[in-house]
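1. Sequence first, then the predicted structure, then my questions.
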Amino acid sequence: MFKLFFANSGNNFNFTVSRKRSSIVPDIKETTIIRLLEVGDERCMKMMFDTYYQALCTYVMRYLISMEDAEDIVQTVFISLWNNKRGQAFTGSLRSYLFGAVSKASLQFMRDRGKTYFVDIELHIDDFLEEMSRDREVELEKMKEYLYAAIEDLPANPKKVLTAIIFNNTPYKVVAEEMGISVNTVKTYYARALQSLRKSLDGKTFCLLFLSFFSSEK
């Protein structure tokens with residue numbers, strides 16, 4: 001359990017959030033969150049934090065963003081959702097909306113810091129998100145094959161680091177401890193892996209690396 005308090009745009013939320021997985025079926029809980037959001041009930045905020053906060057923060061860290069900045073990005077997205085969507089009809093998947101929103105916010109964050117390989121993702125993310133909302137399973141499988149083949153061609157240490165961070169959601173510190181190297185070295189290997197993949201893959205396939213939540217549940 002941890003305490004969470006933040007203020008943004010005149011809104012204050014102060015509540016205790018559990019890090020344990022909820023026993024409620026995800027689809028049922030998402031439906032409940034959307035229903036509360038549509039009627040402007042602040043209880044939806046706590047439910048969103050319980051359900052998505054930790055996963056979103058871990059996901060944002062794929063963009064070479066610190067935990068502190070990741071938390072700021074996720075909290076800002078939650079507040080934006082509340083400010084812009086409360087009291088209105090909400091259509092589509094809330095999970096997809098949240099992951100898409102933090103992706104865009106993370107890309108903007110990294111673009112402002114000159115990470116060119118993330119700027120390339122930003123050029124393709126809207127089209128990619130739209131395509132992924134359609135039934136394009138065959139095309140997706142082909143993209144995944146190209147992606148996995150490119151990952152296999154990476155040098156050993158960059159491949160090991162990228163696999164741990166992207167596919168196992170392992171924090172930088174834990175990867176460093178397991179490999180017996182520093183956190184900075186982990187980030188260096190990760191950056192090298194990303195740079196190599198960006199050179200060998202087209203933009204949409206590279207996006208798939210960061211948007212794998214659409215095709216598989218962690």
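-> The structure has been received and is ready for your questions. Numbering: from 1, shown residues only.
2. Show the model's pLDDT score for Ile121.
-> Ile121 carries a pLDDT value of 61.
3. What's the local residue count around Ile65?
-> 21 (other C-beta atoms under 10 Å). Yep, even glycine has a C-beta here, placed from its N, CA and C like the rest.
4. Tyr146 now?
-> So Tyr146, with other C-beta under 10 Å, has 15 neighbours.
5. do Asp112 as well
-> Close neighbours of Asp112, defined as other C-beta under 10 Å, add up to 8.
6. which stretches of the chain form helices?
-> Along the chain, the segments classed as helices by DSSP state H run 26-38, 43-48, 54-60, 67-85, 94-111, 116-132, 137-152, 156-166, 172-179, 183-200, 203-210.
7. Mind telling me which of those helices the model trusts least?
-> Among the helices of the chain, helix 116-132 carries the lowest mean pLDDT (a mean of 60).
8. Can you tell me how far the spatially most central residue of the chain is from Phe206?
-> Central residue of the chain (C-alpha atoms, centre = their mean): Tyr59, 3.4 Å from the mean position. Shown here: Tyr59 relative to Phe206, a distance of 16 Å by C-beta to C-beta, to the nearest Å.
9. which residue sits closest to Glu155, ignoring its sequence neighbours?
-> One correction, residue 155 is Pro, not Glu. Arg192 (7.7 Å; C-beta to C-beta, 6 or more residues apart in numbering).
10. So that neighbour sits against Pro158, correct?
-> Yes. The pair Arg192 and Pro158 qualifies as a contact (C-beta atoms under 8 Å) at a distance of 4.8 Å.
11. Have a look at those two and say which one is more surrounded.
-> Higher neighbour count among Arg192 and Pro158: Pro158, with 20 against 16, using other C-beta under 10 Å.
12. what's the burial count for the closest residue to the more buried one other than its chain neighbours?
-> Excluding the flanking residues, the one nearest Pro158 by C-beta to C-beta, 6+ apart is Ala193, at 3.8 Å. By other C-beta under 10 Å, 24 other residues sit near Ala193.
13. same question, Tyr53
-> Tyr53 has 21 nearby residues by other C-beta under 10 Å.
14. Please report how far it lies from Thr163.
-> Computed as C-beta to C-beta, the Tyr53 to Thr163 distance reads 24 Å.
15. Settle this for me: Lys85 is touching Leu37, isn't it.
-> Yes. Assessed by C-beta under 8 Å, Lys85 is found in contact with Leu37 at 6.0 Å.
16. And these two? Which one has more around it.
-> For Lys85 versus Leu37, neighbours defined as other C-beta under 10 Å are more numerous around Leu37 (24 against 17).
17. For that one, which residues are in contact?
-> Residues in contact with Leu37 (C-beta atoms under 8 Å, 6 or more residues apart in numbering) are Cys44, Leu81, Trp82, Lys85, Arg86, Phe90.
18. now do 6 Å
-> Cys44, Arg86, Phe90 (C-beta atoms under 6 Å, 6 or more residues apart in numbering).
19. Between these, identify the one with the most neighbours.
-> Most neighbours among the contacts of Leu37, by other C-beta under 10 Å: Cys44, with 23 neighbours.
20. wouldn't that one be in contact with Glu38 here?
-> No. In this structure, Cys44 is not within contact of Glu38 by C-beta atoms under 6 Å, at 8.8 Å.
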